[in-house]
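[1] below are the sequence and a predicted model for it; my questions follow.
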There are 2 protein chains.
Amino acid sequence: MGRRQHLIDTALKLFYEQGIHATGINQVLDVAQVAKQTLYNHFESKDSLVEAAVVHRDFVFYGWLADRLSQCAAGKEALLEVFDAIHDWFNNKVPMLNRFCGCFFINTCGEFSDPEHEVHKRCAEHKARVFELLLGHARKVTRSEAEAKNLAYALSLLKEGATIKAHVEGDLEAALSAKQIAARMISSH
Amino acid sequence: MGRRQHLIDTALKLFYEQGIHATGINQVLDVAQVAKQTLYNHFESKDSLVEAAVVHRDFVFYGWLADRLSQCAAGKEALLEVFDAIHDWFNNKVPMLNRFCGCFFINTCGEFSDPEHEVHKRCAEHKARVFELLLGHARKVTRSEAEAKNLAYALSLLKEGATIKAHVEGDLEAALSAKQIAARMISSH
DNA sequence: TTGATTATAGACAGATCTGTCTATATCTAG
DNA sequence: CTAGATATAGACAGATCTGTCTATAATCAA
């Protein structure tokens, strides 16, 4: 793997586990076993490394989730698969997502609350992309665009809520609990 | 107000708006207009100031929410009031909660992911307390303890989800959208 | 082989961080 | 009034932070 990608991977893991402001450039370099100048050849500042890490997390997470859903029948099955997928994530069954430490995008917005900040915007974009993924499947089980949006919206609230329950309260069954609620919602549409 | 409480209020505001690791002790002192030694007379370290800020936020937020709910009929009305209350919060209608920057406890767990950390535990306790508040009202509109728990759980997922939508995506209507979903859930119980 | 690019270790500057210390001033209770 | 407690400003130590610089080494294409 190229140095640039290796730095992004290492930074992402540390940012995710420790928080961004709590993680120094030097620790990233120590763990990645890369020289400082190499980092500054590829990134103009820590901030731009942070941005690259967020973009990469979106790439990995969205790709993983879309792949999980694509292995199910479109519609109800795929919508429910969301919760089985995040259940695996919460319980550390998905190495590519790193040890579960909540949602990286939520955590990052907690450190960059200004919605005009580039990093915050990237996080919002990720959530919008995931919403579109749900919406595509919600359309298959509803009779109008408005209904589809309502369903996708409700399911995304459940997904975010479960992620919080799992991380803050250590509720490792949160995804399965959310799945049951989701199932009732989908049925009633 | 005593110096100790003034320091906690100031620290809480800055921690909430900027994140904890991004906020230095010196900035807290500058804003609070308090001498450094005074801080270290009242708190043995930054960490203990952080803990005090989290405990205080629980006190303020829980007290505020419980008060809002207590002004409604117990049960369905109170459960729906949760979403009107957080709608006001999201839209900066509640000065005592400071400018909306997401949920302080969620943000803080993003910076202290280790569930054994004292600060993380305090955040979990807050969520548990809010859950109990919902549960009390859920019991009024359900026929069994299991149903009450399910309802309170579902509503708390919606509340957390709406908070995330509002903060990360800037969706200021998230609370009202969540309220509609909540209303359907309560009715179907 | 040669010449350009890229990576290396690590010193360094300058800023900022937490926490301690000192010496002075203000408040408060008896 | 007085004595003890509390607050003050700010210097200071020592650690850590980001980012720059240098001089050397490895890599790779022509």
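    Noted; the coordinates are in hand.

[2] quick one, phi/psi of residue A:43?
    The phi/psi pair for residue A:43 (degrees, to the nearest 10) reads phi -130, psi 140.

[3] mind listing what it touches?
    A:7, A:49, A:52 (CB atoms under 8 Å, 6 or more residues apart in numbering or on different chains). Heads up, the C-betas are built off the backbone N, CA and C, glycines and all.

[4] who in chain A is up against DNA strand D?
    Contact residues (CB under 7 Å from any atom of the strand) of chain A with DNA strand D: A:23-27, A:36-37, A:40, A:45-47.

[5] between the residues you listed, which sits nearest residue A:142?
    Ranked by distance to residue A:142 (CB to CB), the residues of chain A next to DNA strand D are led by residue A:47 at 41.4 Å.

[6] quick one, which of the residues of chain A next to DNA strand D are buried?
    With neighbours counted using 16 or more other CB atoms under 10 Å in any protein chain shown, the residues of chain A next to DNA strand D contain these buried positions: A:23, A:25, A:46.

[7] closest one to DNA strand C out of the residues you listed, please.
    Nearest to DNA strand C among these: residue A:25, at 10.5 Å, using CB to the nearest atom of the strand.

[8] what's the spacing between the closest one and residue B:13?
    Remark: distance between residue A:25 and residue B:13 (CB to CB, to the nearest Å) = 29 Å.

[9] circling back to that earlier point, reformat the buried ones among the residues of chain A next to DNA strand D as a markdown table; add secondary structure.
    Listed next are those as a markdown table, based on DSSP: H, G, I helix; E, B strand; the rest coil:
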| residue | secondary structure |
| --- | --- |
| A:23 | coil |
| A:25 | helix |
| A:46 | helix |
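
[10] which of those residues sits closest to chain B?
    Ranked by distance to chain B (CB to the nearest CB), these are led by residue A:23 at 9.0 Å.

[11] that closest one against residue A:15, yeah?
    Yes: counting by CB atoms under 8 Å, residue A:23 does reach residue A:15; the two are 5.5 Å apart.

[12] just checking, what packs against whichever strand or helix holds residue A:16?
    According to DSSP states H and E, residue A:16 maps onto helix A:3-18. Helix A:3-18 sits against helix A:25-32, helix A:36-42, helix A:46-70, helix A:104-111, with contacts defined as 3 or more CB pairs under 8 Å, 6 or more residues apart in numbering or on different chains; DSSP states H and E.

[13] and the pLDDT at residue A:12?
    Here the pLDDT value assigned to residue A:12 is 98.

[14] go on, the one 3 residues further on?
    Here the pLDDT value assigned to residue A:15 is 98.

[15] now do the one 10 residues further on
    What the model reports for residue A:25 is a pLDDT of 97.

[16] shouldn't it be in contact with residue A:47?
    No: between residue A:25 and residue A:47 there is no contact under CB under 8 Å: 10.9 Å.

[17] what's in contact with the helix holding residue A:16?
    So helix A:3-18 is contacted by A:1, A:23, A:27-28, A:31-32, A:34, A:38-39, A:42-43, A:49-50, A:52-53, A:56-57, A:98-99, A:101, A:104, A:107-108, B:113 (CB under 8 Å, 6+ apart).

[18] and it, does that touch DNA strand C?
    Yes: applying CB under 7 Å from any atom of the strand, one finds helix A:3-18 in contact with DNA strand C at A:3-4.

[19] I'd like to check the angle between that helix and helix B:104-111, please.
    Per axes from the mean of the first three to the mean of the last three CA atoms, to 10 degrees, the angle that helix A:3-18 makes with helix B:104-111 is 130 degrees.

[20] for helix A:3-18, buried residues please.
    A:4, A:7-16, A:18.

[21] ok, so of those, who is nearest residue B:133?
    For those, the nearest to residue B:133 is residue A:16 (31.4 Å; CB to CB).

[22] which parts of chain A sit against DNA strand C?
    Checking chain A against DNA strand C by CB under 7 Å from any atom of the strand, the hits are A:2-4, A:33-38, A:41-42.

[23] I'd say residue A:121 and residue A:115 touch.
    Yes: if you go by CB under 8 Å, residue A:121 and residue A:115 touch, sitting 7.3 Å apart.

[24] could you check how far residue A:152 is from residue A:132?
    Counting by CB to CB, the gap from residue A:152 to residue A:132 is 8 Å.

[25] between these two, which has more neighbouring residues?
    Counted by other CB atoms under 10 Å in any protein chain shown, residue A:152 and residue A:132 do not tie: residue A:152 has more neighbours, with 22 against 11.

[26] correct me, but the more buried one touches residue A:140?
    No: here residue A:152 lies out of contact with residue A:140, judged by CB under 8 Å, at a distance of 11.1 Å.

[27] per-residue confidence, the residue lying farthest from the centre of chain A, what does it come out as?
    The C-alpha centroid of chain A is most remote from residue A:37, which lies 30.3 Å away (CA atoms, centre = their mean). Per-residue pLDDT puts residue A:37 at 97.
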